[in-house]
Structures are given as C-alpha cells and as structure tokens.
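# sequence first, predicted coordinates after that:
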Amino acid sequence: MNDRSREDLPAFSLAACAEMLWRDKAIEWRASRLKELGFGVGLWNWPDHDLNKLEATGATFTIMNGYLSGRLTDDEGAAELLKTARETAQIGKRLGVQRLNLHGTGLGDGGLPIQPVDVVTGAMWLKARDTLCRVADMAEEEGVTFTLENLNLPVDHPGVPFGRAEDTLALVSSVNHPRVRLNLDLYHAQIGEGNLIELCRKCLPWIGEIQVADVPGRCEPGTGEVNYKMIARALKDMGYRGAIGMEAWASGDDEAALDCFRDAFTV
C-alpha cells in the first residue's frame, strides 16, 4: 500500500442511521446492506424491530435509543428513565450496541417532547445531574455506555430541556464518568449554536459519538451549508478517532448519499 492510499483511509469509524435510509426495505435488509458497504448501523427504538432478524445480520450496531420513556428532571421521570434504560441495556448487550442514547426528556411523534419544558430551573439542573450519575452507576454494573444527545430547539425539538450542546456538555462533564458520554450532533448544533469546530474542540474529552447531517434539510454532507470536509480535517488534527454517524435523509439515491458521507470523512 502506498502512502497516498494510506492517507485516503477513513480516520474515523463510520456508521449510518438505518431508520432514515431505504425506507421501503425491512430494517434487517438495511442493516445487512450497511454492513456490506462497510458502515456501522444506528437504530432508533428497539421495540419497533424483530431482534432475532437484526441479530442474524451480524452488523455492528453503533448506537440505539437507550430508554423507552422517562426524563432527567424529576423523581418520577428519573425512575422511569432508569427502569427503561436498564431494560434497554439488556437489548443493547444482546445486539452488541456500542452506545445507548439519551435525551433530556422522552420524544413523541415528530420528535416533539412528551413533556415540554419552557424554563429549566436550577432544581431541574441538579436533578438531571443526579439522574445521570445514577445512569453512570447502572451503566457500570451492566457494562454499557450511554450518551446524552444535544437537539435543536428552533426547528425540530422545541421544548426539550438541555437541548443545546453547551447544556449537554455541562451535564456530562460534571458527571465525568466514562460510561456517560456526549452524542454530539452537529446538525442540531449548527441550527442552534454554530461554531462547530470550536464546539468539537471544547467537547472533545467527553465525546462518545459525533452525528452529522447537512443544514438545511437534514440530508447527507454536501447538500447544505456545513463544510464537513473541513470539520473532518479539524477532528483528525484534534486527535479524534471515534465514531461518526450519519443521521440524515438521502437527498436522492441512498448509496450515493453514503458515498458523499464517506468522502466527507475520508481525510
């Protein structure tokens, strides 16, 4: 292998959300196809799928929704979140899922919060940190890793507490446990905050996964305003060698979208 071909190898572990691609195909077909193309597989809610068929694909499942209901901010919600997160951890271990994803509160139809929050109080911050500490203890017992994802409030997820990346960073860094990391979603961060390279640098010690889609439209890199090639180079220079997940719709052909994603993060 010559030097040039070594340089062209992906610096990151690439995955894609199976839920958003080939939407006319069964989920196990999508997982198998992503495996054939050399990608890991992201999933949303496990009860929606036949676990036996997913397991039989032999795909590498990189991330999955890590709870079924609950929230970070109050006693009742925290108890429900911990209960369903522990249940989900068993499924995650069965499928070999690398990261189990959390949000500030449960999401319903269209990604809207089941229990919207207009103002996050100091007491809610303290309760959220306490809940994540309990998640960390449970994750240590189960041998799994949870991530906390930032979400954008202006477009897709109004009313979600701790939606901004600066909020998820504040919580995860204060817990500072290797079993609780950030799912840094740059699509959401671009809409809500911007300054993505510096955001990545600030979050770097606590990142478990980075997710991407372009803005506007939430399609593959190259369809919008975000210079993902530059971000990829910056991440490589920072020393990041972890997972990059495309959680995006295809603007046209699904495999062409994956090619664009791979090209953007081959640096």
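Thanks, I have it. As the structure is a computational prediction, the values presented were derived from the model and not from experiment.
# so where do the helices sit in the protein?
Listed in chain order, the helices found in the chain under DSSP state H are 3-7, 27-36, 51-57, 75-95, 122-142, 165-175, 186-192, 196-203, 228-238, 254-264.
# out of the ones you listed, deepest packed?
Among the helices of the chain, judged by mean count of other C-beta atoms under 10 Å, the one packed with the most neighbours on average is helix 186-192 (a mean of 24). Quick note: C-beta positions are derived from backbone N, CA and C, even for glycine.
# helices and strands around that one, which ones?
Other helices and strands packing on helix 186-192, by 3 or more C-beta pairs under 8 Å, 6 or more residues apart in numbering; DSSP states H and E, are helix 165-175, helix 196-203, strand 207-212.
# check the offset of that helix from the chain's centre.
On the basis of C-alpha atoms, centre = their mean, to the nearest Å, helix 186-192 is displaced by 13 Å from the centre of the chain it belongs to.
# and stretch 155-162, by the same measure?
If you compare the mean C-alpha spot of stretch 155-162 with that of the full chain, they lie 16 Å apart, counting by C-alpha atoms, centre = their mean.
# tell me who's in contact with Met230.
Neighbouring residues of Met230 by C-beta atoms under 8 Å, 6 or more residues apart in numbering: Ile197.
# 10 Å instead, please
By C-beta atoms under 10 Å, 6 or more residues apart in numbering, the contact list for Met230 reads 196-197, 264, 267.
# next one: Thr121
Thr121 makes contacts with 73, 127, 161, as judged by C-beta under 10 Å, 6+ apart.
# if we can go back for a sec, mean pLDDT added to the helices and strands packed on helix 186-192, as JSON lines?
Formatted as JSON lines, the helices and strands packed on helix 186-192 follow (pLDDT from 0 to 100):
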{"stretch": "helix 165-175", "mean pLDDT": "98"}
{"stretch": "helix 196-203", "mean pLDDT": "98"}
{"stretch": "strand 207-212", "mean pLDDT": "98"}
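# out of the ones you listed, flag the one nearest Arg99.
In terms of C-beta to C-beta, the element of the helices and strands packed on helix 186-192 nearest to Arg99 is strand 207-212, at 5.3 Å.
# ok and that closest one relative to helix 254-264, angle-wise?
Relative orientation of strand 207-212 versus helix 254-264 (axes from the mean of the first three to the mean of the last three C-alpha atoms, to 10 degrees): 120 degrees.
# next, the buried residues of strand 207-212.
Counting neighbours by 16 or more other C-beta atoms under 10 Å, one finds that the buried residues in strand 207-212 are 207-212.
# direction included, what does it pair against?
Each strand pairing with strand 207-212, determined using DSSP bridges, is listed with its direction: strand 180-185 (parallel), strand 243-246 (parallel).
# the longest one vs helix 196-203, what angle?
Translated: strand 180-185. In this structure, strand 180-185 runs at an angle of 180 degrees to helix 196-203, with the same axes, to 10 degrees as the basis.
# make residue 1 into 59 and carry on from there
Done: numbering now begins at 59, and the last item shifts to strand 238-243.
# now strand 238-243: how far from the chain's centre is it?
Its chain's C-alpha centre lies 7 Å from the corresponding centre of strand 238-243 when counted by C-alpha atoms, centre = their mean.
# and the angle for that strand with helix 223-233?
What separates the directions of strand 238-243 and helix 223-233 is an angle of 170 degrees, with the same axes, to 10 degrees.
# give me the mean pLDDT for strand 238-243.
Along strand 238-243, the predicted local confidence has a mean pLDDT of 98.
# just to revisit the earlier point, quick check, nearest of the buried residues of strand 265-270 to Ala301?
Of all these, Ala301 sits closest to Glu267, with 4.4 Å by C-beta to C-beta.
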